[in-house]
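Peer 1: predicted model and sequence below, questions to follow.
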Amino acid sequence: MNQPVEGRSARKRRAILEAAEEVFLHGGYLGTNMDEIAARSEVSKQTVYKHFGSKENLFVEIVSHMTSAAGDLVHVDDPDPAPEGDLADYLCDYAYRQLTVVLTPRLMRLRRMVIGEVARFPELAETLYRNGPQRAIDNLEGIFDRLAAQGRLSVADTRAAASRFNWLVMSEPVNRAMLLGDQGIPGPEELRAHTVESVRVFLAAYGGPPLRGPSS
């Protein structure tokens with residue numbers, strides 16, 4: 001039986017997105033042409049335009065898709081810490097998961113590319129921020145609201161606390177990776193030690209149980 005038209009269309013769209021992601025990340029926006037994307041995805045250029053309308057629309061779709069998918073890896077199905085669980089361990093695990101997702105070379109290349117094109121596509125910087133830092137802060141605010149209600153954190157402004165936690169964790173490793181390239185991405189042991197220290201500083205300000213040293 002022939003594949004339904006909708007199924008073929010979905011496959012073509014997925015192939016175009018996968019090819020476009022590779023081409024944009026390798027060559028940047030200006031260095032990308034639709035002929036190469038069509039060739040890599042094994043469809044006609046007309047098919048690419050039929051699905052996305054323009055190179056600009058396809059670029060926007062790539063940025064939105066990659067940042068949303070990365071956020072899902074961190075925030076979807078993320079449980080609150082168990083009442084009897086170690087809060088410091090929970091926050092360290094959360095921070096480490098967030099860092100390992102954000103600091104992938106592909107996402108760092110995307111972030112640099114978006115910053116480089118912010119004058120041409122200001123909405124993309126907003127998309128990256130909305131799906132990245134803002135989503136993280138929104139999620140943490142909800143977690144901290146519940147922890148404060150349980151008496152496990154001493155915090156009056158949970159959104160401000162969420163922002164401070166996010167940047168304690170993210171700022172130094174992300175700045176290194178952004179400015180130094182792939183070689184600036186810290187290794188797992190360094191990231192673990194960094195998350196432990198970030199959580200220690202956070203809990204010193206906002207309360208919580210004593211923090212144990214880094215573990216493997």
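Peer 2: Looks like it arrived, so ask away.

Peer 1: tell me which element the residue most central in space within the chain falls in.
Peer 2: Residue closest to the mean C-alpha point of the chain, counted by C-alpha atoms, centre = their mean, is Ala70 at 4.1 Å. Following DSSP states H and E, the helix or strand that holds Ala70 is helix 55-75.

Peer 1: check Thr32 too.
Peer 2: Thr32 belongs to no helix or strand when elements are defined using DSSP H and E.

Peer 1: one more: Arg152?
Peer 2: Per DSSP H and E, there is no helix or strand for Arg152.

Peer 1: and the gap between it and Phe144?
Peer 2: From Arg152 over to Phe144 the distance is 9 Å, taken as C-beta to C-beta, to the nearest Å. In this view, the C-beta of every residue, glycine as well, is placed from N, C-alpha and C.

Peer 1: now the helices for this structure?
Peer 2: For the chain, applying DSSP state H gives helices covering 5-27, 34-41, 45-52, 55-75, 87-102, 105-116, 122-129, 135-149, 158-180, 188-206.

Peer 1: just name the most buried of these.
Peer 2: Among the helices of the chain, helix 87-102 has the highest mean neighbour count (mean count of other C-beta atoms under 10 Å), at a mean of 20.

Peer 1: Pro81: which of the helices of the chain is closest?
Peer 2: Proximity to Pro81 (C-beta to C-beta) singles out helix 87-102 among the helices of the chain, at 3.8 Å.
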